[in-house]
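[1] kindly generate the corresponding structure for this input.
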Amino acid sequence: MWEPVDQTMDFCHDRSSGEHYENYCRRRKLFPREAGVRMQTLLLFGLAGFLAQLVDGSLGMAFGVTATTTLVTVGTAPAVASAAVHLAEVGTSLASGVSHWRFRNIDWRTVGILALPGAIGAVLGAYVLTSLSTESASVWITTILLVLGLYVLIRFAFLKLGKLITNKRPGAKFLGPLGLVAGFVDASGGGGWGPVATTTLLSSGRLEPRKVVGSVDTSEFIVALAASVGFFFSLSSEHDLNYTVVAGLMIGGVLAAPVAAWLVRRMPPRILGAAAGGLIVFTNARTLLTTSGAGTTLTISVLVAIVALWAAGLTAAVRSVRAEKRLNALVGEDGQTEEPAKLPTS
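    Modelled structure (predicted):
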């Protein structure tokens, strides 16, 4: 309850009164307008966290990239933005992991091998971001992700009917370096665990897309926790986190986690892979165009072309899924085509 003292209220909103009196006003809750702003911030970033986690939990990427981009756009320092997002991801990735576990979307062997190198890479990335610029490396990484995303889109959307997933699961020699690189990129770039890990695992074809998403999201809890610890020890004292923003992102992400886990369970692999591939291509193409200083006309033209390709890929994936269902309906368990039922004879 705010105190109805007009003079005291005016006094408290006079910031020239000094730090001692400002602390007095804060203790007595005499900043109702600030409280309103905090509530608006909580709701706004709660919505942003919900939408980001809905995409991340169903496609295995984009929470960090989306949330960090939002924070940097409103003027937050890159290191502080990445620290806030990773702190929020501790909660969202835990909720997402539990949800994916309930829907059996997790390959625990992959999680176990991927998480520890990812945590090491995240700590290193946190220290690098707080001390060095990553602009030159960003262009190279974005280009690689763009190529991998295009491959994923083509693989799942336009390949002929047949077996998409191999029986050979990814090994430690593959997952260890992948986790290290993905964790480093994630912490130093404000996001990238999903785009690097999910993209590479999808392109390898060694794991079902839904299990790729579930395993990457679950291992992200360890990575986010390690990155948060790294930022805690490496951020200087003048960098203050906005815990209202962190709370909003975390609450929104936690609420979206079970919805996203259900969605990835119900979505066919072809459609999920095509959607993830298109998202990777669009996100990284936009980043590459922005960092290279491309003009507005060129940027819009390229992004419109990518959206058209993405839509064509999704359409092709849907048609392939329907064709596969019709084919499966005609094939019995023994692999032989079922004969039409004969009419009874008199």
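[2] what's the neighbour count on residue 63?
    Counted with other CB atoms under 10 Å, residues neighbouring residue 63 total 33. Quick note: C-beta positions are derived from backbone N, CA and C, even for glycine.
[3] run a quick neighbour tally on the residue nearest to it when sequence neighbours are not counted.
    Nearest residue to residue 63, sequence neighbours excluded (CB to CB, 6 or more residues apart in numbering): residue 56, at 3.6 Å. Residues lying near residue 56 (other CB under 10 Å) number 33.
[4] do the same with residue 267
    What residue 267 shows, counting by other CB under 10 Å, is a neighbour count of 18.
[5] so it sits right up against residue 208, yeah?
    No. Using CB atoms under 8 Å, residue 267 is not in contact with residue 208, being 11.4 Å away.
[6] helices of the stretch 51-200 of the chain, start to end?
    With helices called from DSSP state H, counting those that start in this stretch, the stretch 51-200 of the chain shows them at 63-73, 78-102, 108-129, 135-158, 172-189, 193-204.
[7] which among those helices is found nearest to residue 291?
    Nearest to residue 291, of all these, is helix 135-158, at 5.9 Å by CB to CB.
[8] number of residues surrounding the residue lying closest to residue 192 once chain neighbours are set aside?
    In this structure, residue 192 finds its nearest non-sequential neighbour in residue 185, 3.8 Å apart by CB to CB, 6+ apart. Neighbour count of residue 185, defined by other CB under 10 Å: 26.
[9] any idea how far residue 294 is from residue 185?
    23 Å (CB to CB, to the nearest Å).
[10] over to residue 278?
    20 Å.
[11] neighbour-wise, which of those two wins?
    In terms of neighbours (other CB under 10 Å), residue 278 is the more surrounded of residue 278 and residue 294; the figures are 26 against 15.
[12] let me see the contact set for that one.
    By CB atoms under 8 Å, 6 or more residues apart in numbering, the contact list for residue 278 reads 149, 153, 306, 309-310, 313-314.
[13] repeat that with 7 Å
    Taking CB atoms under 7 Å, 6 or more residues apart in numbering, we find residue 278 in contact with 153, 310, 313-314.
[14] and the helices in the stretch 201-346 of the chain?
    209-234, 243-266, 269-291, 296-330.
[15] most packed of those helices?
    Stretch with highest mean neighbour count among these: helix 209-234 (a mean of 26; mean count of other CB atoms under 10 Å).
[16] rounded mean pLDDT for it, please.
    If you average the pLDDT over helix 209-234, you get 87.
[17] helices or strands up against it?
    If you count contacts as 3 or more CB pairs under 7 Å, 6 or more residues apart in numbering; DSSP states H and E, helix 209-234 packs onto helix 32-59, helix 78-102, helix 108-129, helix 172-189, helix 193-204, helix 243-266, helix 269-291.
[18] now these in TSV, with mean pLDDT?
    Below are the helices and strands packed on helix 209-234 laid out as TSV (pLDDT from 0 to 100):
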stretch	mean pLDDT
helix 32-59	70
helix 78-102	82
helix 108-129	90
helix 172-189	88
helix 193-204	81
helix 243-266	78
helix 269-291	80
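[19] closest to residue 68 out of these?
    That would be, of the helices and strands packed on helix 209-234 and by CB to CB, helix 78-102, which comes in at 5.0 Å.
[20] gap between that closest one and the chain center?
    9 Å (CA atoms, centre = their mean, to the nearest Å).
[21] what's it in contact with?
    49, 53, 57, 63-64, 67-68, 71-72, 106, 129-130, 187, 190-191, 214, 217-218, 220-221, 224-225, 227-228, 231, 235, 239, 241-242, 245-246, 249-250, 253-254, 257-258, 260-261.
[22] buried ones in it?
    For helix 78-102, a neighbour-count test (16 or more other CB atoms under 10 Å) marks 78-97, 99-100 as buried.
[23] out of the helices of the stretch 51-200 of the chain, which one sits most buried?
    Mean neighbour counts for those (mean count of other CB under 10 Å) peak at helix 193-204, with a mean of 27.
[24] check contacts around the closest residue to residue 212 other than its chain neighbours.
    Take residue 212 and drop its neighbours on the chain: the residue closest to it by CB to CB, 6+ apart is residue 201, 4.5 Å away. By CB under 7 Å, 6+ apart, residue 201 lies in contact with 170, 207, 212, 216.
[25] correct me if wrong: the third one contacts residue 202.
    Yes. Under the criterion of CB atoms under 7 Å, residue 212 makes contact with residue 202 at 5.6 Å.
[26] and the gap between residue 243 and residue 190?
    Using CB to CB, residue 243 is found at 18 Å from residue 190.
[27] go on, residue 177?
    In this view, residue 177 and residue 190 are 22 Å apart by CB to CB.
[28] ditto for residue 318
    33 Å.
[29] hmm, back to that, relative to residue 117, which of the contacts of residue 278 is nearest.
    When the contacts of residue 278 are compared against residue 117 (criterion: CB to CB), the nearest one is residue 153, at 27.2 Å.
[30] excluding chain neighbours, what is closest to that closest one?
    residue 277 (3.0 Å).
[31] was I right about residue 235 contacting residue 129?
    No. With contact defined as CB under 7 Å, residue 235 does not reach residue 129; the gap is 9.7 Å.
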